[in-house]
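Asks: Sharing a model that was predicted from the sequence below.
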Amino acid sequence: MEKCKQCGQILFAKELDKQVKTCPHCGYHFTLTAQERIQVTLDEGSFEEFDANLVSGDPLHFPDYSARVERSRQATGLADAVVTGAGTIGGFPVVVGVMDSRFIMGSMGSVVGEKLTRAIEQAIERSVPVIIFSVSGGARMQEGIFSLMQMAKISTALARLAQSRLLYISVLTHPTTGGVTASFAMQGDVNISEPGATIGFAGRRIIEQTIRQKLPDEFQTAEFVLEHGMIDQVVHRKDLRALLATLLSLHAKGGEWSGR
Amino acid sequence: MAVELPFEKPLVELRLKIEELKRFTEEKGIDMSEEVATLEAKVKALAEAIYRDLTPWQKVQIARHPERPTTLDYIRGLCDDFIELHGDRSFRDDAAIVGGIGRMEGIPLTLIGTQKGRDTKENIFRNFGMAHPEGYRKALRLMKQAEKFGRPIVTFIDTAGAYPGAAAEERGQGEAIARNLIEMAALTVPIVCVVTGEGGSGGALGLGVGDRLLMLEHAYYSVIAPESAAALLWKDASQGQRAADAMSITAQDLYRFGIVDEILEEPFGGAQRDPAQMIVTVKEAVLRALIELKAVSRYELPALRYEKYRKIGVFTESEAPLLAEGQERANASSNIVTR
């Protein structure tokens, strides 16, 4: 049993699962773990994980960082904030990267950068599309400049994917901010989000301090960035899998109508 | 009157004392030259001690010094016929980023950089060197133009960060930076990036993906401004010093990490003490980098750039699967219905 974080209605686990963890009353989208996202998106049993053994270093010897990574590993059972691998959606092969906000706010350090880059390289090797589900507070402060440079590293890999004329779909989920918004989350051939997700670059509080004004509630929501032209669609989670399958089918190999 | 930094105060005090003694000599006719000489030696020794072992926080203050050369100073120092080009062709001209075409030692270049102001009025016009999305889009327009005409690109980075304002968000600050990263990765002309002062996070990286990354001796480059890091870590923005010390943000740190290719030596005490000398150093380094890159074919450039960024990251890879259990969970039959 769970209480909806938005409307306060009591929801039964079974009902919540049937609704793909969205509230049947108000449409609130609960955060999914990486595992849950994989379960609800990929064809059953099709997921093959890549690089499950990458663990973060501590290049800056940042106070408490190693211990924090360890605590996050214990608490989540994850090696870091992203799970990558290959699978199928509606029978169409795809490489996916799925972030998990439980791991240090889904922040991006060297492991996230390396795993996503390797996944993109695998997609090029296999000649299949890439879908990345973002949920992140941005670059991971505790790995300093290494985190910032992961933005460039993943971007160069996606540039290579584009040169191979392979589809990249970015699904921005709640919340996607900072260096993740300013890199791969906004680089999709198609950018999609879930209703109500926070999507932005700078933090809300920082902007309010800068402009000395209170921001409206809808500021930096998925609907807001859709209206401002930054994403293609806001899609209810119940419809997402079908949309992804259709997009993949439209980009299936050998399906090009015009000459290359 | 030169702007002095807080840690330079002991030097300023000694210099004032020397002035006083000299005046005393003149007015009263008493010879104080011996005392003056002693004090001058003391100033010299103290200055050497201070500037030899600058802390990261002191470097941040030098990097922010209002009298440091700005991007336009470097551009005009590097080329004799710079032509500024304005506007992103879709919204407006962002004065926080300048760009255009010029010729350096016979090489036509596209030069782009964040631009800070010298005084309050100019800083308001330049938005303190903090760009909006249209600034990054102008930069991209000029970079694509450079590629079209086979011109190398030189970028100058000196920004506290991309501007965190409401309008910047509305117009897609994240998207604008993201687009620059992926486009710069694929450009088929050489790109040389120089961090001249502040390398503030994504706002710096938005002009910073290239074949060579050069950094001035006292410049810093950080994933987050030290004050913002302090606000997040200790809920206290005034602890910027503590954050600067913890975050390895100096040119020397980044060189050690293999992220920066070359550190450009600053005049004693910082670039602001001798801008002309600093500009010469930057020009020579950019020229060296361009000559090296001329040997690389335009098809190889993106591939080499790929390798450059590909190897950045610190992690370990264990033999035994850490997450066999997690993998099983991911593959376990789902009880969440979507199909």
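Replies: That came in fine, so what should we check first?

Asks: Quick check: pLDDT value at B:Glu319.
Replies: B:Glu319 is assigned 69 on the pLDDT scale.

Asks: brain fart, B:Thr25
Replies: Looking at B:Thr25, its pLDDT reads 85.

Asks: For it, pull up the helix or strand it's in.
Replies: Using DSSP states H and E, B:Thr25 falls within helix B:9-28.

Asks: which parts of that helix are buried?
Replies: B:Leu11, B:Leu14, B:Arg15, B:Ile18, B:Leu21 (16 or more other C-beta atoms under 10 Å in any protein chain shown). From N, CA and C alone the C-beta is placed, and that goes for glycine too.

Asks: just checking, what packs against it?
Replies: Helix B:9-28 sits against helix B:33-52, with contacts defined as 3 or more C-beta pairs under 8 Å, 6 or more residues apart in numbering or on different chains; DSSP states H and E.

Asks: any idea of the mean pLDDT for the helix it packs on?
Replies: Per-residue scores along helix B:33-52 average to 90.

Asks: Ok, stretch B:223-237 next?
Replies: Rounded mean pLDDT across stretch B:223-237 is 87.

Asks: So which bits of that stretch are buried?
Replies: Here stretch B:223-237 shows B:Val223, B:Ile224, B:Ala225, B:Pro226, B:Glu227, B:Ser228, B:Ala229, B:Ala230, B:Ala231, B:Leu233, B:Ala237 as buried, counting by 16+ other C-beta under 10 Å.

Asks: the longest helix in chain A is where?
Replies: As assigned by DSSP state H, the longest helix anywhere in chain A is helix A:144-163.

Asks: First-to-last residue distance for stretch A:243-256?
Replies: When the termini of stretch A:243-256 are compared using C-alpha to C-alpha, to the nearest Å, they are 19 Å apart.

Asks: repeat for stretch A:184-204
Replies: End-to-end for stretch A:184-204, by C-alpha to C-alpha: 21 Å.

Asks: sorry, back to before: okay, the buried residues of stretch B:223-237 in a markdown table with distance to B:Gly117 next?
Replies: Formatted as a markdown table, the buried residues of stretch B:223-237 follow (distance: C-beta to C-beta, whole Å):
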| residue | distance to B:Gly117 |
| --- | --- |
| B:Val223 | 26 |
| B:Ile224 | 24 |
| B:Ala225 | 19 |
| B:Pro226 | 22 |
| B:Glu227 | 20 |
| B:Ser228 | 22 |
| B:Ala229 | 25 |
| B:Ala230 | 26 |
| B:Ala231 | 25 |
| B:Leu233 | 31 |
| B:Ala237 | 23 |
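
Asks: between those, which is nearest chain A?
Replies: Nearest to chain A out of the buried residues of stretch B:223-237 is B:Val223 (C-beta to the nearest C-beta; 4.2 Å).

Asks: tell me the phi and psi of the closest one?
Replies: phi -70, psi -20 (degrees, to the nearest 10).

Asks: can you tell me which residues contact the closest residue to A:Ser155 other than its chain neighbours?
Replies: Spatially, and ignoring its direct neighbours in sequence, A:Ser155 is nearest to B:Leu181 (3.7 Å; C-beta to C-beta, 6 or more residues apart in numbering or on different chains). Contact analysis of B:Leu181 by C-beta atoms under 8 Å, 6 or more residues apart in numbering or on different chains lists A:Met151, A:Ala152, A:Ser155, A:Ala182, A:Ser183, A:Gln187, B:Leu205, B:Gly206, B:Val209.
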